[in-house]
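> Sequence plus predicted model, see below.
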Amino acid sequence: MGAMIDALHVLEELRKAGFGLVTGVPCSYLTPLIDAVIASPDIEYVGAVNEGDAIAIACGARLAGRNAVVMFQNSGLGNAVNPLTSLTATFRIPVLVVTTLRGDPEGAGDEPQHELMGRITRDMLALMEISHELLPTDRAELAAALGRAREHMATTGLPYGLVVKKGSVAPADLEAPQLAPPTVEGEHGPGPSGPRIPPDQALAAIRRAVAETDALLTTTGFTGRALYAQGDRPNQLYMVGSMGCISSLGLGLAKCRPDKRVVVVDGDGALLMRLGALATIGFERPKNLVHVLLDNGVHDSTGAQATVAPFLDLCGMARAAGYPRTRGVASVEELEATVREASGQLTFLHARTEPRADRKLPRPAEKPPEIAERFRAWLASS
């Protein structure tokens, strides 16, 4: 591990440079810094559902006179391309873009979904004409870099980028942010109540309810790894990268294989990132698709910062999008029984789960292309 800069020092230099709002999507490389911002009394944090929305939030803040920072993982840089090229550039609204460098070609090995983006992150920034540099790990050098960023943004009206390598930011010496329980005014639709379900118990219940002739797809992050830990099967596909895309992949599969029951296990952060997919799925209404949302209220695998899911009636949103059957489930037994019996119509199930305590999960021994090929072969033969 190379040199590191303390998250609180980064926060202080951002404060001195006049930045008053931070928005973005969590990345494990940024966890100490985001947690420090959340705990800060004078720099506001706005959690976005995707990186493009974060750019737009920051632009709104900048128009209101507040200098803003956008932080996200480089895997989501693609989501930010449109507003970076057609909003910040077109309107000349400068924001500071802090993106990580997962898949660093000069660093240690990383997950396969980061390999290509790691190689091209800095080229993409350059192609979008975003001047950038690596985040310094020396405090004085960071202050100078932020000075260059401020000067560039003031002169050009364009964003400036800081690229964060693994281990650049040291953990902050502070307690994890404590979030107040959400309050919702007005009418709020029914949802699961009672204690949250432990995540591994929820996955085990789903796995028991899914036949070997059904397709079982899991969302990005801990969900797929936890399912793999419970037993690998050829009818299981574990999404990596492509945050929020598992339900749309499930839709395509269900439409083309109406003879197969397709069970999609989604997460609240992923669902919110691609919320428009609900409308497409609700319009198409594949009778063989079962959409199960395991809602733990946090971005569990990228730092455990909160999502906005606790404020939402997610079953109500699915109903509004056209899902003919929606149901909140509140126990392991109810979850297993409901998944087992779901057939004949598009179904949305919402189960509240606990954030994960055991974060040491295995990764599939097979590479993603091997898992995809095995899944294709299983479909072809069944």
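Nice, I can see it.
> Test my guess that residue 57 contacts residue 48.
Yes. The pair residue 57 / residue 48 is scored as a contact, 5.9 Å apart, by Cβ atoms under 8 Å. In short, each C-beta sits where N, CA and C put it, glycine included.
> overlap in contacts of the two?
residue 23 (Cβ atoms under 8 Å, 6 or more residues apart in numbering).
> who's more crowded, those two?
Using other Cβ atoms under 10 Å as the criterion, residue 57 and residue 48 rank with residue 48 on top: 24 against 21.
> Dihedrals phi and psi, the residue nearest to that one when sequence neighbours are not counted?
Excluding its sequence neighbours, the residue lying closest to residue 48 (Cβ to Cβ, 6 or more residues apart in numbering) is residue 54, at 3.7 Å. Note on residue 54: backbone dihedrals following degrees, to the nearest 10 are phi -60, psi -40.
> for residue 216, same thing?
phi -120, psi 120.
> next one: the one 4 residues further on
For residue 220, the backbone dihedrals (degrees, to the nearest 10) come out as phi -70, psi 150.
> From residue 240, how far off is it?
6 Å (Cβ to Cβ, to the nearest Å).
> So between those two, which is more surrounded?
Higher neighbour count among residue 220 and residue 240: residue 220, with 25 against 19, using other Cβ under 10 Å.
> any idea where the helices of the stretch 101-250 of the chain begin and end?
Along the stretch 101-250 of the chain, the stretches classed as helices by DSSP state H, counting those that start in this stretch are 115-127, 139-156, 199-209, 222-230, 246-256.
> With mean pLDDT added, can I get these in a markdown table?
As requested, these are exported to a markdown table (pLDDT from 0 to 100):
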| stretch | mean pLDDT |
| --- | --- |
| helix 115-127 | 96 |
| helix 139-156 | 97 |
| helix 199-209 | 96 |
| helix 222-230 | 93 |
| helix 246-256 | 91 |
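> how far away is residue 119 from residue 106?
Taking Cβ to Cβ, one finds residue 119 at 10 Å from residue 106.
> Looking at the two, which one has more neighbours?
Each of residue 119 and residue 106 has its neighbours counted (other Cβ under 10 Å); residue 119 has more, 12 against 7.
> residues contacting that one?
With Cβ under 8 Å, 6+ apart, residue 119 has these contacts: 103, 105.
> Please parse this structure into its domains.
Per automatic domain parsing, the structural domains of the chain span 5-170, 199-381.
> Could you list the low-confidence segments of this protein?
Low-confidence segments of the chain (pLDDT under 70): 1-2, 174-194, 303, 357, 359.
> try it again with 80
Regions of the chain meeting the criterion pLDDT under 80 cover residues 1-2, 171-195, 300-306, 357-360.
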